[in-house]
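Engineer: Build me a model from this:
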Amino acid sequence: SPPPATGGRPSSPPPGLSPLGPGSGAPDASEPLTLTEDAVGGEIRIAGAREVEVASTAEVMALLDEGERARAVANHKLNATSSRSHAILIVRVSNAAALDADGGGGGDGHAAASGKVTKGKLMLVDLAGSERVAKTGAEGSTQKEAHAINKSLTSLGRCIQMLAQGAGGHVPYRDSKLTRLLSDSLGGSALTSLITTVGPLREHYGETAATLKFGQQALKVENTLRVKEGVDYKLLCRQLQARVDDGVREVERTRKDTGEAVAAAESVANQAMDRMREMAIAEVELTVAKTGAEREAERARAEAEAAKAEAEAAESKAAAEADASNASAAAKAMVDSERVKWKKERQEMLAANTALADQLEGVLELMKQLNEQFKREYSYRAKLEEKERNLKQLELKLHQQQQRQGQASGGQWATIGDSVGGASGS
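Structural biologist: A predicted model of the protein is given here:
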């Protein structure tokens, strides 16, 4: 069976991860695996297995894919790609809570000596399926592999049966390397999940019944979880400091949100003033347009009257040739008078338009000044009120934070003082 991947940082492929096999630091798949027991913790390890440090889930998945590619498969009557080995992925996690972020213990070695270190192990196991040689038609090396697989599964079944009885009897973990390697997961302090797969076909009823019986026996196994917890006062101090930092960031975020609210209020006020200015301009333009239309109508009437006068003068000239000179002079005088009157009215109209334009500019300037004054007063009032609210909130949060820090610091120093006193007495 290929060696288990024990977690780690890949080196190529993905980049930097060397393939499993001869020359990679892993035992040869054709040689029997050698299991060793740790003298300190009693953990079972595989001699020569490669352990790699990992920093992300993607790197663990890369190792899992690499181990999957190294698995041996064979073709027989029931499965074209039948697994010829069990596969195990072991991920070990260590957490030194008392150590600083740079790996040190604060410089005096006290934190590293007294800090809590928590270790965990995740084992993902893919067991090869139980097979009957009579159905698979396996021959030669494939038949030998099937016997070895069935033997290891039988040993696993016996261990689970003894654990399910709960009588405290001997559990034969050493009957196979598989059960010895999985002894922590089977009867230790681990949280174990078992997934069994069965086939729906009638001709596989025997294998299905055996698999279900195996799963039913496994349900009766009860493991007791044991977790050792300690208190790391330096870690507690760092957590309190993190809370203080969070409070500071919350104050900054509140200040930023307040500034955005003031900006939004100013934007609304500017939009209202722009709308009022547009309405005033539209009203003035409407008045100017109305006055201009009336002036144009009066000029058209004057021109019509002048044309009518000229026509009457022409008729008078044609009717009375004798008084042509007098009639012509009278008509000319009347026409000149009308023209003078029209020019005068036109000048008055132009003067009125100029006055209206000046009035419009004055109104716009006055509205602009009013707008600026309104914005200054509104901004000053909003900033003054916001500063008063922020000052009250900051004073309240600072008072509460000082109380919490005083209480936490008092409790911590009291505990440390008791510990030092006890050590001195000893």
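Engineer: Pull the number of nearby residues for Ile90.
Structural biologist: Using other C-beta atoms under 10 Å, Ile90 has 18 neighbouring residues. Backbone N, C-alpha and C define where each C-beta goes, glycine included.
Engineer: now Asp126
Structural biologist: Neighbour number of Asp126 under other C-beta under 10 Å is 14.
Engineer: How about residues contacting stretch 253-262?
Structural biologist: Identification of contacts with stretch 253-262 by C-beta atoms under 8 Å, 6 or more residues apart in numbering yields 379, 382-383, 386, 389-390, 393.
Engineer: Off-centre distance for it?
Structural biologist: The chain centre lies 23 Å from the centre of stretch 253-262; the measure is C-alpha atoms, centre = their mean, to the nearest Å.
Engineer: now do stretch 53-65
Structural biologist: 22 Å.
Engineer: Ok, stretch 198-213 next?
Structural biologist: Distance, centroid of stretch 198-213 to centroid of chain: 46 Å (C-alpha atoms, centre = their mean).
Engineer: give me the element the nearest residue to Met273 once chain neighbours are set aside is part of.
Structural biologist: Here the nearest residue to Met273 in space, its sequence neighbours aside, is Asn371; by C-beta to C-beta, 6 or more residues apart in numbering that works out to 4.5 Å. Using DSSP states H and E, Asn371 maps to helix 324-425.
Engineer: Centre of the chain to that helix, how far?
Structural biologist: With C-alpha atoms, centre = their mean, you get 39 Å for helix 324-425.
Engineer: Check whether Leu360 really touches Leu286, as I assumed.
Structural biologist: No. Leu360 lies out of contact with Leu286 (C-beta atoms under 8 Å); the separation is 11.5 Å.
Engineer: Now do the SS call for Cys95.
Structural biologist: Careful, residue 95 is Asn and not Cys. Of the three states, Asn95 takes strand under DSSP: H, G, I helix; E, B strand; the rest coil.
Engineer: got the buried residues for stretch 73-91?
Structural biologist: Within stretch 73-91, the residues scored as buried using 16 or more other C-beta atoms under 10 Å are 74, 76, 78, 82-91.
Engineer: Format those as JSON lines; extra columns: pLDDT.
Structural biologist: Shown next, in JSON lines, are the buried residues of stretch 73-91 (pLDDT from 0 to 100):
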{"residue": "Ala74", "pLDDT": "74"}
{"residue": "His76", "pLDDT": "70"}
{"residue": "Leu78", "pLDDT": "71"}
{"residue": "Ser82", "pLDDT": "72"}
{"residue": "Ser83", "pLDDT": "74"}
{"residue": "Arg84", "pLDDT": "76"}
{"residue": "Ser85", "pLDDT": "80"}
{"residue": "His86", "pLDDT": "85"}
{"residue": "Ala87", "pLDDT": "85"}
{"residue": "Ile88", "pLDDT": "88"}
{"residue": "Leu89", "pLDDT": "88"}
{"residue": "Ile90", "pLDDT": "89"}
{"residue": "Val91", "pLDDT": "89"}
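Engineer: circling back to that earlier point, what pLDDT is listed against the residue nearest to Met273?
Structural biologist: Confidence at Asn371, expressed as pLDDT, is 86.
Engineer: go on, the one 5 residues further on?
Structural biologist: Note for Arg376: predicted pLDDT of 85.
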